[in-house]
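Chemist: quick one, fold the following:
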Amino acid sequence: MNESRKTLEEQVQLLQHEVHDLKQRLTKLESTKIKNPIPKASTPTSYEVLQPNTSAVQHEDVEVAIKEIKTPQPFHLDQFIQTWLPRLFIFVFIIGVIWGFKAASDYGFMRPSVKVALGFVVSTALLVVGYFQMKKDRIKLGHVLLGGAIPLFMITTFAMHVLYNMCGPTTAFILNLVWIMIGLFLADLLQYGRVL
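Modeler: Below you'll find the model as predicted:
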């Protein structure tokens, strides 16, 4: 009986030592789990459905996105021209319209009411042409034309109110609010290339 008791005591001591080792390993794993989480493997029951581990996929997607951001993109002349040429065009066009109105005023070719009406007609034409360019999948040109119509509306309203005294400040304010609301509507509508 003494021998069996000794063997039992030795086994208990051995088990205590193994439990102590396992506790140390567990604390080490918990401390590394905070730094580098390891997904838990679980065995599904009959009513559970396995869900894919998306953390690894998301991590890879983030790394790919970071690499794409860090790598410099090659310069494409055609893409540069398609992006900046319409913007330059609309800027020069608006400056030209202002100069045309000024020249017509200096030489007395048109009366103020004709100039204001022409400004609103040209702005409306830009809206219509820009809309049809968007319909034909010429997105960048459509954006530029639609975006250029709003400042032209506002410049014409400014000229109508300040230069020619054709309306009061309340009317000019309401018209400018309308142009801004149209601009906001177009910006929201065209944000993702949508067309009515």
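Chemist: rest of the way, CA atoms for contacts and neighbours
Modeler: Noted.
Chemist: could you check how far His20 is from Thr27?
Modeler: His20 sits 11 Å away from Thr27, going by Cα to Cα, to the nearest Å.
Chemist: now the top helix by length along the chain: mean pLDDT?
Modeler: Longest helix of the chain, by residue count under DSSP state H: helix 2-35. In this model, helix 2-35 has a mean pLDDT of 78.
Chemist: just for this structure, where's the confidence low?
Modeler: 1, 33-71, 192-196 (pLDDT under 70).
Chemist: which stretches in the protein count as strands?
Modeler: For the chain, no strands turn up when DSSP state E is the criterion.
Chemist: could you pull out the helices for it?
Modeler: Using DSSP H, helices in the chain cover 2-35, 54-70, 77-107, 112-135, 139-158, 169-189.
Chemist: for Thr83, grab the count of nearby residues.
Modeler: If you count neighbours by other Cα atoms under 10 Å, Thr83 ends up with 14.
Chemist: right, I mislabeled it, should have said Leu186
Modeler: Using other Cα under 10 Å as the criterion, Leu186 is surrounded by 17 other residues.
Chemist: the one 3 residues further on now?
Modeler: Around Leu189 sit 13 other residues, with neighbours defined as other Cα under 10 Å.
Chemist: and it, how close does it get to Pro74?
Modeler: Using Cα to Cα, Leu189 is found at 31 Å from Pro74.
Chemist: of the helices of the chain, which stretch is the most buried?
Modeler: helix 139-158 (a mean of 22; mean count of other Cα atoms under 10 Å).
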